[in-house]
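> quick one, fold the following:
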Amino acid sequence: MTRLRPPTTVKLEDPDAESVRRNLSDRITELQRLPFAGARIIRDVELPPSVEVTIRHGLGRAPLWVGVSVLRNPTLAALTAGFIDDLGSAYQSGLPIDRTKFLSLVAFFFGATITVDLVVL
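The predicted structure is shown next:
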């Protein structure tokens, strides 16, 4: 995924065109500052039952939010009532997790490995 680039700052000679350029530049900058503009989608994350899985998220900062998709194992999803836990800043062993680089997730009460997608922002 490419990083968002700032809008052009070249000043135009025509006052009307410059006014439109400035307006668009301001709007683009405003949209780029929204949290979801920097979101990452991590596809095909496999979570074995009750096993800590460390995932590199690539944000360069601690995530504000982690969203988990529906299970892509439809038979398993219909038969189980498990949940996925974000371990936060420490593994179950107590060792710290560098949240600026990694997430650590655990899938509890599923009878088999599950596959999900993540949205991290």
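> quick one: the closest residue to A90 other than its chain neighbours from L87, how far?
Closest residue in space to A90, ignoring its immediate chain neighbours: P96 at 5.6 Å, by C-beta to C-beta, 6 or more residues apart in numbering. Any C-beta I mention is one placed from the backbone N, CA and C, and that applies to glycine too. Using C-beta to C-beta, to the nearest Å, one obtains 11 Å as the distance from P96 to L87.
> compare the two (neighbour count), which wins?
L87 (17 against 8; other C-beta atoms under 10 Å).
> how close does the more buried one get to A39?
Applying C-beta to C-beta, the value for L87 to A39 is 21 Å.
> could you do H57 as well?
10 Å.
> who has more neighbours out of those two?
H57 (19 against 16).
> pull the contacting residues for that one.
The neighbours of H57, taking C-beta atoms under 8 Å, 6 or more residues apart in numbering as the test, are 40, 42, 63, 101-103, 118, 120.
> how about T29?
Taking C-beta under 8 Å, 6+ apart, one finds 6-7 in contact with T29.
> lowest average confidence, helix or strand, in this protein?
Least confident element among the helices and strands of the chain, by mean pLDDT, DSSP states H and E: helix 74-79 (a mean of 61).
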